[in-house]
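Asker: got a sequence here, can you model it:
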Amino acid sequence: LLLPLERDNFAYIGRGNHACPNTNNAINRKEFRIVTRALVTDYSCHIKLNEYGSNRMHDNADSSSAATTIEIPSCMNDFLAILNRYREADKSLIFSDEAMSNRIARTYEYRPRLPYPFTALKEILKDWDVIFLTLHRPLYDFVPSTYVERYKVGPNKMKLNQWHNQQKDNQGLCIEEGGKPIPMPFDDTFSRGNKINIRSLLQPNQQLSPTPAGQYEILKEIDWKSGLILVDMNMQPQPNTEGSGKSIFLLEVICNALNLTHTCQGYLSQTKKEEQKNPSLPLHYDFIAVEACQRGYKNGTTTSRSDARNLIRKHQEEDLLLKPNDLPLECPNDEVLNRILKVSLEHEKRLRESKWNHEQEETHIRGFWKAANEKKKFCMVNVTRVMEDRHWISFFQDLQK
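Answerer: You can find the predicted model right below:
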């Protein structure tokens, strides 16, 4: 979509993605590093920006004296150079980085005691029309997805490829490599402190990950002249409409929220079937691999944690032609599920505000029970039953040969 985006006089700066090669070139990577430092990770610069913003407010409020020249902190020079370059080219910018929501919400990994420099940025960007585009989905979908995403294997998560035995193995086969344990969804021992699981993410005022409503309420308080656009990621397609088979929320962003005419036409004209580029994979296979290692069913000295996961996944999905949720599962009871539903409904009301109505509530409730009962969003594999299953015992024995 980057070519029609150019025709709409827009440029995109975002995290490089191998699924979208045009976003992974050297120029984009450099610009992304500069912009994300300025807006997200350069905490020393944010301290200076907060001082700058405070001084500007004081200067503007002091009508008895002539205005003084307060210089923008030099740590913003590279960022402003990028903005000026695109301005001279008569282009608007789209900047996208999930980490920005964490910094704005001041979660525990992003300096929660350091206020985000909204006042300074409003002053620095006063000649730009700044639009915050925030995507949201129901809390019952957001919470399990955030939990799984946290422990999904990736380039910066090497400890998820290393074994840990937590002193459970007495056969010496599951070596301690300093690997990272993954908490069970409702394990309250992991909920204490800064450990992310479903239980901890449902706690009120948690600072582990920004919820859609929490993010929206922060941004709503900032008086940006161009405003805030809220887009529902779970929008349902209208039957027999243009764009059938496309991502509905992407259509909403491209065609309506940002009104990118050429990009919208280019997206609608694509005939290639869309594939999910960042699937949310279950954690079942890791739990089974670690349990098998700790019980001595799998030799951790000869097989890596990642290889063990892949072997279990391959056997379940390719050899047996079964899905992850066909494994024995352990699911929360109705009392727990109803508590989650109540929290999710309250969260949705905060987003919808005066637009919240009975029909939306009923749709939310139906969606919740579908997620809970059909998609098993809140369930986790019962590793005890797997380890006692003769088929899986035989599978692990065959791997040891």
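Asker: and stretch 375-391, average pLDDT?
Answerer: Average pLDDT, stretch 375-391: 95.
Asker: that stretch: end-to-end distance?
Answerer: 25 Å (Cα to Cα, to the nearest Å).
Asker: pull out the buried positions in that stretch.
Answerer: Neighbour-count burial for stretch 375-391 flags K376, K377, F378, C379, M380, V381, N382, V383, V386, M387 (criterion: 16 or more other Cβ atoms under 10 Å). In this view, the C-beta of every residue, glycine as well, is placed from N, C-alpha and C.
Asker: contact partners of it?
Answerer: 140-141, 144, 184-185, 198, 282-284, 287-288, 291-292, 295, 297, 324-325, 327-332, 336-337, 340, 371-372, 392-393 (Cβ atoms under 8 Å, 6 or more residues apart in numbering).
Asker: buried ones among these?
Answerer: Taking 16+ other Cβ under 10 Å as the criterion, what is buried in the contacts of stretch 375-391 is 140-141, 144, 184-185, 198, 282-284, 287-288, 291-292, 295, 297, 324, 327, 331-332, 337, 340, 371-372, 392.
Asker: narrow these to those in helices?
Answerer: Members of those lying in helices (criterion: DSSP state H): Y140, D141, P144, I198, H284, F287, I288, E291, A292, L337, I340, W392.
Asker: next, the contact list for W392, please.
Answerer: I288, V386 are the contacts of W392 under Cβ under 8 Å, 6+ apart.
Asker: chain neighbours aside, what residue packs nearest to I82?
Answerer: E31 (5.7 Å; Cβ to Cβ, 6 or more residues apart in numbering).
Asker: what about the nearest residue to I70 once chain neighbours are set aside, distance to A120?
Answerer: Using Cβ to Cβ, 6+ apart and skipping residues adjacent in sequence, the residue nearest I70 is N55, 5.1 Å away. From N55 over to A120 the distance is 9 Å, taken as Cβ to Cβ, to the nearest Å.
Asker: between the two, which is the more surrounded one?
Answerer: Counting neighbours by other Cβ atoms under 10 Å for N55 and for A120 shows that A120 has the greater number, 24 against 15.
Asker: give me the mean pLDDT for stretch 128-141.
Answerer: For stretch 128-141, mean pLDDT is 91.
Asker: quick check: buried residues in that stretch?
Answerer: F132, T134, L135, H136, R137, P138, L139, Y140, D141.
Asker: how far does it stretch from start to finish?
Answerer: Stretch 128-141 end-to-end distance (Cα to Cα) = 34 Å.
Asker: one step back: P155: which of the buried residues of stretch 128-141 is nearest?
Answerer: Distance to P155 across the buried residues of stretch 128-141 (Cβ to Cβ) is lowest for L135, with 23.6 Å.
Asker: report the strands that pair with the helix or strand where the closest one lies, each with its relative direction.
Answerer: If you go by DSSP states H and E, L135 is part of strand 132-136. Strand 132-136 has its sheet partners listed here by DSSP bridges as strand 228-232 (parallel).
Asker: quick one, strands of the stretch 201-350 of the chain?
Answerer: 228-232, 329-330 (DSSP state E, counting those that start in this stretch).
Asker: where in the stretch 51-200 of the chain is pLDDT low?
Answerer: Along the stretch 51-200 of the chain, the parts satisfying pLDDT under 70 run over 60-68, 166-172, 190-194.
Asker: where do the helices of it begin and end?
Answerer: For the stretch 51-200 of the chain, helices defined by DSSP state H, counting those that start in this stretch occupy the ranges 77-88, 98-105, 118-124, 139-150, 188-191, 198-201.
Asker: and of those, who's closest to D398?
Answerer: For the helices of the stretch 51-200 of the chain, the distance to D398 is smallest for helix 139-150, at 29.3 Å, taking Cβ to Cβ.
Asker: residues contacting that closest one, please?
Answerer: 136-137, 185, 196-198, 201-202, 209, 211-213, 234, 280-283, 340-341, 343-344, 347-348, 367-368, 371-372, 377-378.
Asker: cool, stretch 196-207 as well?
Answerer: With Cβ under 8 Å, 6+ apart as the criterion, stretch 196-207 contacts 105-108, 112, 139, 143-144, 146-147, 150, 183-188, 190-191, 208-209, 340, 343, 378.
Asker: if we use 7 Å, what do you get?
Answerer: Stretch 196-207 has contacts (Cβ atoms under 7 Å, 6 or more residues apart in numbering) with 107-108, 112, 143-144, 146-147, 150, 183-188, 190-191, 208-209, 340, 343, 378.
Asker: is it possible to mark the buried ones in those residues?
Answerer: Neighbour counting with 16+ other Cβ under 10 Å marks 107, 143-144, 146-147, 150, 183-187, 190-191, 208-209, 340, 343, 378 as buried within the contacts of stretch 196-207.
Asker: ends of stretch 207-227, what's the gap?
Answerer: 25 Å.
Asker: right, I mislabeled it, should have said stretch 147-160
Answerer: Stretch 147-160: ends 14 Å apart by Cα to Cα.
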